[in-house]
Structures are given as C-alpha cells and as structure tokens.
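Visitor: okay, predicted coordinates and the sequence, questions at the end:
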Amino acid sequence: MGSTGDKVKGMANEAVGNVKQGVGKATGNDKMRAEGVVQEKKGEAQQAVGKVKDAVKKGVDKA
C-alpha cells in the first residue's frame, strides 16, 4: 500500500475509533470504549507509517 493509502486508512480508523469511544462512553459500554481506543491507536500508527514512507520516498528521490 502506498503512503497515501496508509494515511487515509489511518484517518478512517482514527475517526471510527473516536466514534466508538464516544458511543461506549455515552452508553456505559466499557468494551466498546476500549475497542475505540485500540482502533484510534491503530489509525495513528497507520498514519505514521504513511509519513515514514513519504520521508523515505523523498530521500530516495533526492539521491
């Protein structure tokens, strides 16, 4: 997957994670809230991978 794809998937996972956390908090569902936290962290990691891929590509392009 390319860097843009990683960033887009990461943003989507982060957004869904935030929604799950909100719903879990509003309904008192600790399991859903925890799933939201995990999904949000996964999204943040995916975005970081995309940024690293961009940085590597820019470094290779300069060489």
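Guide: Happy to help now that I have it.
Visitor: and residue 35, what does it touch?
Guide: 17, 20, 24 (C-beta atoms under 8 Å, 6 or more residues apart in numbering). In this view, the C-beta of every residue, glycine as well, is placed from N, C-alpha and C.
Visitor: quick check: longest helix of the chain.
Guide: helix 30-62 (DSSP state H).
Visitor: show me the shaky parts of this protein.
Guide: Within the chain, the ranges that satisfy pLDDT under 70 run 63.
Visitor: give me that answer again for 90
Guide: 1-3, 57-63 (pLDDT under 90).
Visitor: quick one: contacts for the spatially most central residue of the chain?
Guide: Geometric centre of the chain, nearest residue: residue 43, 1.1 Å, by C-alpha atoms, centre = their mean. By C-beta under 8 Å, 6+ apart, the contact set of residue 43 is 9, 10, 11, 12, 13, 14, 15, 16, 17.
Visitor: out of the residues you listed, which end up buried?
Guide: For the contacts of residue 43, a burial check counting by 16 or more other C-beta atoms under 10 Å picks out 9, 10, 13, 14, 16, 17.
Visitor: now, the residues you listed that are in strands?
Guide: Per DSSP state E, strands hold no members of these.
Visitor: out of those residues, which comes closest to residue 51?
Guide: Nearest to residue 51 among the buried ones among the contacts of residue 43: residue 10, at 9.3 Å, using C-beta to C-beta.
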